[in-house]
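# Need coordinates for the following:
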Amino acid sequence: MSGVLEDCIAVVDDEFLIASGLTMQLEDLGLTVCGTAATADEAVALAQAARPAVVLMDVRLRGEKDGIDAALAIHDTVGSKVIFVTGSREAATLDRINLDHPAGVLFKPVLARQLREAIDAALAS
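Got it, this is the predicted structure:
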């Protein structure tokens with residue numbers, strides 16, 4: 001998709017320590033993090049401004065909207081691949097995730113190897 005940066009990754013998580021940890025993991029993998037967001041609205045604004053190739057998206061975010069709402073908006077407006085990063089294994093949550101066009105689902109805590117494989121797969125698709 002034109003305008004999407006191939007090595008730019010956005011991190012969306014309302015827990016500062018988790019967002020920071022994911023950012024450090026990505027940078028250790030040699031990837032560029034174009035920004036972080038803690039709410040669905042911030043995530044959509046970040047994606048529209050930075051046009052990341054991949055968005056790492058937590059499901060539960062601050063505010064009325066969640067990560068799935070943000071992912072749907074990002075998919076529709078930007079086209080970035082979204083990899084959900086969640087601590088939830090609830091069937092209802094996983095069913096909602098699958099309504100969006102997920103490029104992958106990772107369960108917390110995420111290992112660097114899992115992150116690299118998911119990002120590589122998302123960029124290849």
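# What segments of the chain are helices?
Counting by DSSP state H, one finds helices in the chain at the ranges 16-28, 40-50, 67-77, 91-99, 112-124.
# Mind checking those for the one nearest to Leu106?
When the helices of the chain are compared for distance to Leu106 using Cβ to Cβ, the nearest one is helix 112-124, at 5.7 Å. For glycine as for every other residue, the C-beta is placed from the backbone atoms N, C-alpha and C.
# now for the closest one, which elements pack on it?
When contacts are defined as 3 or more Cβ pairs under 8 Å, 6 or more residues apart in numbering; DSSP states H and E, helix 112-124 packs onto helix 16-28, strand 52-58, strand 81-86, strand 104-107.
# ok, 6 Å please
Packing contacts for helix 112-124, counted by 3 or more Cβ pairs under 6 Å, 6 or more residues apart in numbering; DSSP states H and E, involve strand 81-86, strand 104-107.
# Pick the most deeply packed of the ones you listed.
strand 81-86 (a mean of 26; mean count of other Cβ atoms under 10 Å).
# Would you mind getting the angle between it and helix 112-124?
Between strand 81-86 and helix 112-124, the angle formed by their directions is 150 degrees, by axes from the mean of the first three to the mean of the last three Cα atoms, to 10 degrees.
# ok, strand 81-86: who's next to it in the sheet?
The pairing partners recorded for strand 81-86 under DSSP bridges are strand 52-58 (parallel), strand 104-107 (parallel).
# need these in a markdown table with distance to Ala91 and mean pLDDT, can you?
Below are the strands paired with strand 81-86 laid out as a markdown table (distance: least, Cβ to Cβ, whole Å; pLDDT from 0 to 100):
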| stretch | distance to Ala91 | mean pLDDT |
| --- | --- | --- |
| strand 52-58 | 18 | 96 |
| strand 104-107 | 13 | 94 |
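# Grab the most central residue of this structure for me.
Nearest to the geometric centre of the chain sits Leu56, at 1.8 Å (Cα atoms, centre = their mean).
# which stretches of the protein have low pLDDT?
1-7 (pLDDT under 70).
# Now distance to Arg60 too, for the helices and strands packed on helix 112-124, in CSV please.
Conversion of those to CSV gives the following (distance: least, Cβ to Cβ, whole Å):
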stretch, distance to Arg60
strand 81-86, 8
strand 104-107, 13
